[in-house]
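Novice: Show me how the following folds:
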Amino acid sequence: MDQSVAIQETLERGENCIIAVQCDVFFDSITESRLLGLVGSTKEHAIFIYTHRRMAITADDVSLEDIIPISLDFAVVEVSSPEELAVVGADTKVRVSYQEEKLQLRLPFGSHSRLFLSEVNRAWSDVCKSTTQAPKFEWISKYHKATGCQGVVKQALAPLATTPTQLNQHQETEKSSDKKGTLEREKGSSNSGTQKTKAYSSQEGQRISSREGRDDLVRSSSHTTSNKAQILAMPQFGLRDNLIKCELLKNEHLYTYLEDFSVFLGTYNVNGQTPKESLFPWLSCTPDPPDIYCVGFQELDLSKEAFFFNDTPKELEWTKAVSKALHPDAKYALVKLVRLVGIMLIFYVKKEHAEFISDVEAETVGTGIMGRMGNKGAVAVRFRFHNSDICVVNSHLAAHIEEYERRNQDYKEICGRLQFRQLDPNQPPLTIMKHDVILWIGDLNYRISELDVSNVKELISKKDFETLHSYDQLKRQIDEEAVFVGFAEGEIDFQPTYKYDTGSDKWDTSEKCRVPAWCDRILWRGKNIVQQHYQSHMALKTSDHKPVSSLLVIGIKKVNAESYKKTFEEIVRNIDKMENECIPSVTLSKREFHFEDVKYMQHQAETFTLFNDGQVPCQFEFIQKPNEPTYCKAWLTANPPKGFIAQGGSVDIELEVFVNRLTAPELNSGKEQIEDILVLHLERGKDYFISVTGNYLPSCYGSSIHSLCQLREPIQDMPQETLREVAEMSGDDNAANAEEPLDIPKELWMMVDHLFRNALKQEDIFQQPGLRSEFAEIRDCLDTGIPDSLPGSNHSVAEALLLFLDALPEPVVPVSFYQQCLQICSSASQCEKVISTLPQCHKNVFNYLAAFLRELLKNSASNRLDVNILATIFASLLLRSPMKQDLAEKRKTQEFFHHFLAQGSS
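Specialist: Reported below is the predicted structural model:
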């Protein structure tokens with residue numbers, strides 16, 4: 001998940017978070033997690049250090065702690081020991097120094113950390129090469145004043161000045177290309193001889209030192225031609241190196257052969273329980289030890305703390321239970337653990353195979369309400385084993401028997417949003433489908449339709465699983481090619497894995513009496529894959545689900561060293577014959593693009609082809625225009641934004657327009673138009689200009705409360721000039737109006753009124769997301785007035801309401817009142833007094849929403865809401881922080897809003 005978005009929301013206009021990375025900071029004998037952001041303003045850069053939630057999604061989740069300017073007094077040096085450098089899974093330890101201060105950090109494995117260090121190195125190199133005056137960093141002074149606390153550097157320095165630490169115990173190590181167990185260090189700028197900052201890469205793997213002591217270390221391999229995974233992972237981004245890599249991939253069949261390896265896949269929804277029994281019957285059910293284990297859990301922790309803060313002690317409990325239950329006839333190394341709230345994936349490999357694991361990356365995607373909450377979603381790990389790229393996904397999709405369309409939506413969102421960064425920044429991120437082998441496990445939650453519970457149980461008693469499977473929603477959706485196109489699933493010859501009475505093999509005897517279903521599934525996609533078994537494990541009774549396992553035998557591509565050497569040498573000889581003096585040239589299939597009727601939060605995309613018609617390979621990149629911070633407007637994206645094209649090759653580039661809450665206000669008012677010029681630059685070649693135009697359909701989403709109260713007609717029925725005039729007088733209660741403004745926006749009234757009439761007793765209202773397609777219909781209805789009543793489910797209307805509040809340019813409680821609200825949050829009377837002083841339309845909206853939520857709480861027995869849930873969800877939307885919101889502030893906003901949810905509040 002890209003945490004730079006959260007940092008960007010804390011910055012002011014003209015300042016850009018280039019890249020963010022999570023790390024550990026050493027404070028004497030302890031470590032604490034921090035989020036680092038490389039922030040640029042004009043030509044100056046600084047590292048911003050934030051305290052954070054584990055999953056930083058918005059500015060609410062981070063709090064600025066310190067800033068380190070990147071000047072001539074700045075340096076960053078790796079201090080990992082030689083022993084650590086030889087371990088796949090060892091993190092990268094670096095020392096950051098500024099003037100007389102030093103800070104030791106531990107960055108997690110993987111290309112993202114290397115990319116962060118590379119970008120920091122590039123920023124420092126720019127300072128060294130600059131011929132102008134030294135940077136002054138005047139722009140960071142406002143942040144120092146705002147934080148008003150001791151910086152993390154000073155906190156960490158206190159023990160460093162008096163006590164030996166790991167920093168002093170490790171010699172500074174500079175790696176050369178022939179050292180065993182290391183990747184070549186990242187290449188910075190060309191003046192490496194004068195650089196005093198060097199950023200290095202570490203081998204991929206998984207750190208669990210903070211979770212449990214670790215004996216099973218994944219050793220790295222020698223840097224030899226027989227290990228193509230290492231050769232191709234080297235961060236050499238020149239034209240020549242890219243061409244060699246491209247040709248090697250093209251001719252892979254000349255030097256690779258297949259060898260079979262076994263992969264054990266397991267999935268278990270543990271219903272928030274702790275391990276109460278051995279997992280041995282599940283994880284060691286195969287006669288021979290598998291080469292790889294990928295074990296997935298769902299609903300690891302159902303507590304509100306886990307949901308809102310992504311922290312849980314059960315991660316360690318279940319990880320230990322897994323490690324104890326692995327096959328006893330082999331020794332395994334933990335390569336990676338990744339978790340999002342209650343969804344966890346653990347990846348082990350036999351020790352003897354560990355040196356052939358590389359390029360390990362992990363990502364998460366939440367598909368809960370507003371696309372942010374991680375109670376539903378997926379975690380994934382991708383890695384290279386020998387010469388095969390493998391991706392493992394563990395997902396937990398939407399619940400309830402009738403919600404198969406939302407499960408389909410969750411699947412598509414996971415496929416679209418889950419992306420892995422590549423080591424080569426010229427290459428676009430890897431999606432799930434860009435792998436040789438994809439293994440998908442989890443509680444997919446597809447149910448059995450059109451049969452009542454008695455018919456289902458009768459078929460189960462007869463073991464007529466084939467007939468029962470014909471009513472399975474997942475099978476039907478796959479047959480219709482709605483989801484999992486190209487995937488395979490083994491024959492199901494075991495009884496449904498859900499729902500049982502906890503601690504037994506009895507079907508659900510609760511009042512709801514759930515229809516049994518195969519919720520827990522394992523699928524795969526790729527060539528040369530054979531399934532050895534697919535089964536459930538009835539012996540385990542901890543949860544209301546039964547665990548499922550599958551053993552796959554996969555043909556993995558291995559390298560023949562002699563054939564590889566011949567192929568490599570032939571490619572190099574051919575490249576040496578090329579004329580380096582030739583100027584790169586490309587042809588664009590299209591240069592002008594028009595996007596018709598762009599709508600709020602609705603993707604539109606067009607594709608064009610870039611064909612290399614020159615005599616040499618070329619590298620392209622979309623570059624910034626003069627005096628502009630990025631290569632395109634915020635509502636536009638080019639994918640990929642840069643890349644490499646071999647001679648005679650081509651690449652498809654997608655231009656995507658997407659208007660969100662940050663870009664909608666200016667477009668709604670007419671101050672901004674869908675217009676931009678992109679500059680496509682060829683290295684050593686010329687520039688090409690691409691025109692992007694379009695028309696935006698104004699929306700209530702991203703319009704201010706004041707503006708909407710002035711509009712009695714749907715916003716798309718109003719002339720653009722009227723919308724501009726209304727926006728310009730927004731906030732001026734004394735402006736002359738032809739007619740009295742509305743008390744509250746009619747769009748807000750329509751959504752709340754719909755929910756009041758239809759959803760007061762709706763189970764999990766405001767906790768379960770709706771359908772994207774239904775949100776689009778609701779948005780269009782609000783913006784056009786057609787139809788007269790809102791379409792869609794109650795959950796879709798509820799999420800549409802939250803998105804409306806989130807998109808307000810000025811929150812319901814205006815930013816100017818924010819600090820005052822925090823100061824008096826403990827006094828109910830003072831809180832009410834503040835609300836009484838809000839601008840009239842804002843006060844009306846606040847009181848209207850609070851009254852509606854109190855009605856919801858009267859029906860908590862049916863809708864399962866409580867004051868804490870509503871305060872958590874709505875406080876962050878109604879009282880938005882102007883820059884950031886740390887945990888203490890978040891709790892104060894919740895305390896403030898609590899007063900208005902109490903029954904009897906006016």
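Novice: Distance of Tyr652 relative to Pro640?
Specialist: That one is not Tyr; residue 652 is Asp. 9 Å (Cβ to Cβ, to the nearest Å). Every residue, glycine included, has its C-beta placed from N, CA and C.
Novice: Name the residue in these two with the higher neighbour count.
Specialist: Pro640 (18 against 11; other Cβ atoms under 10 Å).
Novice: Leaving out chain neighbours, which residue sits closest to Cys831?
Specialist: Closest residue in space to Cys831, ignoring its immediate chain neighbours: His899 at 4.9 Å, by Cβ to Cβ, 6 or more residues apart in numbering.
Novice: Settle this for me: the one you found is touching Ile824, isn't it.
Specialist: No - His899 lies out of contact with Ile824 (Cβ atoms under 8 Å); the separation is 10.2 Å.
Novice: Could you tell me which residues touch both of these two?
Specialist: Jointly contacting His899 and Ile824 under the rule Cβ atoms under 8 Å, 6 or more residues apart in numbering are Cys831.
Novice: what about the helix or strand harbouring the residue nearest to Cys831, average pLDDT?
Specialist: Secondary-structure element containing His899, defined by DSSP states H and E: helix 887-901. Computed over helix 887-901, the mean pLDDT rounds to 91.
Novice: cool, and stretch 631-647?
Specialist: On average, stretch 631-647 scores 91.
Novice: Quick one: end-to-end length of it, please.
Specialist: Length of stretch 631-647, first residue to last, Cα to Cα, to the nearest Å: 26 Å.
Novice: quick one: buried residues of it?
Specialist: Neighbour-count burial for stretch 631-647, counted by 16 or more other Cβ atoms under 10 Å, picks out 631-633, 635-638, 640-647.
Novice: so which two of the residues you listed are the farthest from each other?
Specialist: Farthest pair in these (Cβ to Cβ) is Trp635 and Gln647. Separation: 34.9 Å.
Novice: Tell me how this protein divides into domains.
Specialist: 3-130, 252-559, 586-696, 741-903 (the TED database).
Novice: Which of those sits closest to Ile140?
Specialist: domain 3-130 (5.1 Å).
Novice: chain center to that closest one, what's the gap?
Specialist: When distances are taken as Cα atoms, centre = their mean, to the nearest Å, domain 3-130 is centred 19 Å away from the chain's centroid.
Novice: Quick one: mean pLDDT over that domain.
Specialist: The model assigns domain 3-130 a mean pLDDT of 82.
Novice: What of stretch 295-307?
Specialist: Mean predicted lDDT for stretch 295-307 stands at 83.
Novice: What is the helix holding His899 packed up against?
Specialist: Packing partners of helix 887-901 (3 or more Cβ pairs under 8 Å, 6 or more residues apart in numbering; DSSP states H and E): helix 818-823, helix 828-836, helix 840-857, helix 867-878.
Novice: cutoff 10 Å now
Specialist: Packing partners of helix 887-901 (3 or more Cβ pairs under 10 Å, 6 or more residues apart in numbering; DSSP states H and E): strand 62-69, helix 818-823, helix 828-836, helix 840-857, helix 867-878.
Novice: Show me what the shortest one is packed up against.
Specialist: The reference is to helix 818-823. helix 828-836, helix 887-901.
Novice: Let's have these in TSV, adding mean neighbour count.
Specialist: Compiled in TSV, those are given as follows (neighbours: other Cβ atoms under 10 Å):
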stretch	mean neighbour count
helix 828-836	15
helix 887-901	20
